[in-house]
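Peer 1: Predicted model, plus sequence, below.
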Amino acid sequence: MSKRISSYSIERKKARWGWIFVTPTLIFFSLFSFYPIFNALYTSLFKKKLLSLKPPDFIGLDNYIYLLKSPDFWNSIRATVVFTLGTFIPLLIFSLIFAIFVMSRKRFQNFFQIAYYSPAVLSSVVAAVIWLLIFDPRGLGNQWLNLIMNSPGIDHKWLANSVMVQMSTMLVYFWKYVGYFTIIFIVGLASIPQSIYEAAKIDGANDWKNFWYITLPLLKPTTILVSIISMLQCLRTFSTQYLFTQGGAPLGPINVITLNIYHTAIRDHRIGRASAMSVILFVIMLLFTWVQFKSSRADEISY
Amino acid sequence: MSYTLQRKRNKINRQSLIIDIFIWAFLILAALFILAPTIFMFTASLMPANDILKMPYRWIPKGFYWQNYWQGIRGNDGSFIYIRNILNSLIVASAVAATTVIFSALAGFGLAKYYFKGRTLVFMIIMATMMIPFEAIMIPLYLVTTKLGIQDSYAGLIAPFLVNAFGVFLMRQYFITFPDEILDAARIDGASELMIFRTIILPNSIPVIATLAILTFKAQWDNLLWPLLVVQSEEMKTIPLYIVKFMGEKHTDEGAMMAVAAIASIPILVVFFKLSKYFLGGAALYSSRKG
C-alpha cells in the first residue's frame, strides 16, 4: 500500500482515464439501449401511426387494454409459450445427455463437439431454408419419419398441419442449438473435480449413483443457466417462424410475439400498439432474467 | 468362490460393454441427425431440382450440376446483386466486430484496472442493458434511424450494434487477472495510459479478442430482423435478406436455393473448422456470464 502515499495526483489521473475509457460505451448504451426502451414505454401510451404526419394521440393504457382483449395477441402469447416450452425442455434434456455421453468417451470428444455445434454456425435463415426443403411432402422429413414409424407413403404435413408446423419450428430450433448447450454443459462437467468421483469410487458408488448423487447436483448451476438462456432465446425467436410463413406455412399457429410486433409495426403501421407489445415482451423477459439472477446467486457451489 | 466372483465380474463386464455400445450408437446416430441437413444442403446444391425431391433421396449427386451456383450468383434477373449483398454482409459484420472489440476492450479495461467513483454503478448500468432484448427496442430504434436519415445505409445497419454488454463483461473479466505490476512498470517508464492499452493490453489479449470478434461477426452474419426493418433497396440487402427474396421468386428452384444457402454458409463453416476452439471457447465463455 505504499502506492497510496506516493502521490494523490496519480490516482486522480487514473480515475480520469477510467472515465475516458468507459465513456464511449456509456454514450452508446444511453442512445441505443436506454433511450429506445423508455421511448417504447412512452410510445405505448399513444395512438401512433408510422409515416403519419398527425401528432400522436395520448390514449393512456388503451393499447394494453386492447392487446389483453385481442385474441390475436393471446394467440401470439400461446404460440410463444408453446414454442418456448416445447423447445427448451428437449434442448435441456438432450444437451445434458449429449454432454455426459461425450465426456464419458475417451476418444472422438472433439469430433462430437464440433459435429454437434456445427448447425449453430449456420445462419438461421439458411437453417430455415434447408428445413423447408426437408419438410417438403416429398422431402427427407417424411422419408425419415416413415422409416422410423414403418409407415411408407404417408405425408405428415410438416408445414400444413397446425400442430405439425409448430413441431417443425421446434425441431429446427432444437437442431440448431442443441450443440451449443451441449458445449456449455461440457464446460460445467469439466469443472467438477475428478477427486470427488475417485472418493465415491472408493466408497463403492457405480456410474448411475455417480450421476445421480454427484454429477446432477453439482451441475445444478449450469442447468439453471442453460434453461434460462435457452428460454430467453426461445422467447425471442423470429427468423424460423418468419421464413416458414414466407415459405407458405400458415401464420396462425406460429405467430410468435416478435413476428406479431414486426407485422403490427411494419405492415399495419401501428407503432403505439407494437410498442405496447414490445413492453410486454420486455417485462416477460425481465422476469426470467430476474429469476436467473436470483437462482444463480442462491446456487453458488463450492467443491 | 473364486468361480462365482469370476462370473460376477464377467457379468459386469458384459453389462458395461452393452452400455458402451449403446452410448456409441447414440452419439453416432445423433451426429448423423445433426450433420444430415448440412450435408443435404451441399449435395442438393449440386443436383438438378427434380433429383432433389426424389424419393428416396440419393445422397451422392450423379454429377456436379454447377448451373445451380451460377443461377444463385447471377440471380434470376441476371443482376449479380448477390455478390454485392455478400459484400454488404462482410462489411457490416466486420465493422460491427471491430467496433465491438475496440469499445468493449476500452470499457472493460477502464472497469477492470482503474479505480474511480461510481465504477460499480457504471458496470451495473452496462450489465443492465443485457436485460433489454433487441426485439423490444427495435421499433424505437427504427424510428430513430429514419429520423437520422441513415436507414438503408451501412451506418444504419451498423449503428445499433457498435458495442454490447456481453463484450464489455468478457473483456473486463479477462483484464482483471492482468498483473498490475506490469502496468505500473510501464507507467514508471513514462508510457501514457493509451499507450499501455495499445502496446501492452491489446497484444496480450488475442484469444479473448478473437473469441469476441468471431461471436460478434457470426451474430451479424446471421442477423435478419434489423436489416429487414432498415433496408429497402436491393443494393443494401445483406445475405439473409437476399435469401428471403430469392426464395420468393418464381424462377427459383430447389437446387439454386440450396446453392445460395451453401454460398452463404461456406465462409463461416471454413472459419469454424479452422478456428473451432474459439467458437467452442465462445460458448464456454458465455456460460461464465452468470453473476
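Peer 2: Received it, and whenever you're ready, just let me know what you need.
Peer 1: Run the chain-centre distance for the longest helix seen in chain A.
Peer 2: For chain A, the helix with the greatest residue count under DSSP state H is helix A:71-104. Computed by Cα atoms, centre = their mean, to the nearest Å, the chain-centroid distance of helix A:71-104 equals 9 Å.
Peer 1: Which helix or which strand is home to residue 258?
Peer 2: Assuming you mean chain A. Element membership for A:Thr258, per DSSP states H and E: helix A:257-262.
Peer 1: that's the wrong chain, I meant chain B
Peer 2: Assigned by DSSP H and E, B:Met258 falls in helix B:254-274.
Peer 1: Sort out which residues of that helix are buried, please.
Peer 2: Within helix B:254-274, the residues scored as buried using 16 or more other Cβ atoms under 10 Å in any protein chain shown are B:254-265, B:268-269, B:271-272. C-beta: built from backbone N, CA, C; applies to glycine.
Peer 1: Quick check: buried residues in the helix or strand harbouring A:Trp290?
Peer 2: A:Trp290 is part of helix A:271-298, with elements assigned from DSSP H and E. Within helix A:271-298, the residues scored as buried using 16+ other Cβ under 10 Å are A:271-282, A:284-285, A:288-289, A:292, A:295-296.
Peer 1: the helices in the stretch 51-200 of chain B, which residues?
Peer 2: With DSSP state H, counting those that start in this stretch as the definition, the stretch 51-200 of chain B shows helices at residue ranges B:67-74, B:81-113, B:119-128, B:134-148, B:154-158, B:165-176, B:180-188, B:193-196.
Peer 1: Export these as TSV, with columns for mean neighbour count.
Peer 2: Output for the helices of the stretch 51-200 of chain B, formatted as TSV (neighbours: other Cβ atoms under 10 Å in any protein chain shown):
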stretch	mean neighbour count
helix B:67-74	18
helix B:81-113	21
helix B:119-128	16
helix B:134-148	21
helix B:154-158	20
helix B:165-176	22
helix B:180-188	13
helix B:193-196	16
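Peer 1: will you turn those helices into CSV that also has mean pLDDT and distance to chain A?
Peer 2: Formatted as CSV, those follow (pLDDT from 0 to 100; distance: least, Cβ to the nearest Cβ, whole Å):
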stretch, mean pLDDT, distance to chain A
helix B:67-74, 90, 12
helix B:81-113, 94, 3
helix B:119-128, 91, 6
helix B:134-148, 89, 4
helix B:154-158, 95, 11
helix B:165-176, 90, 6
helix B:180-188, 88, 8
helix B:193-196, 89, 4
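Peer 1: now, which of the buried residues of helix B:254-274 lie close to chain A?
Peer 2: B:254, B:257-258, B:261, B:264-265, B:268-269, B:272 (Cβ under 8 Å from any Cβ of the partner chain).
Peer 1: What residues of the longest helix of chain A count as buried?
Peer 2: Applying 16+ other Cβ under 10 Å to helix A:71-104 flags A:73, A:75-77, A:79-80, A:82-84, A:86-88, A:90-92, A:94-103 as buried.
Peer 1: same deal with stretch B:33-52?
Peer 2: Within stretch B:33-52, the residues scored as buried using 16+ other Cβ under 10 Å are B:34, B:36-38, B:40-47, B:49, B:51-52.
Peer 1: How about the secondary structure of the most centrally placed residue in chain A?
Peer 2: Centroid-nearest residue in chain A, with Cα atoms, centre = their mean: A:Gln233, separated by 1.1 Å. Three-state assignment for A:Gln233 (DSSP: H, G, I helix; E, B strand; the rest coil): helix.
Peer 1: picking that back up, report the two of the buried residues of helix B:254-274 separated the most.
Peer 2: B:Glu254 and B:Val271 (26.9 Å; Cβ to Cβ).
Peer 1: related to what we said a few turns ago, and the longest helix of chain A, what's its mean pLDDT?
Peer 2: The average of the pLDDT scores along helix A:71-104 is 93.
Peer 1: Show me what that helix packs onto, helices and strands only.
Peer 2: Here helix A:71-104 touches helix A:109-121, helix A:162-190, helix A:220-235, helix A:257-262, helix B:2-44, going by 3 or more Cβ pairs under 8 Å, 6 or more residues apart in numbering or on different chains; DSSP states H and E.
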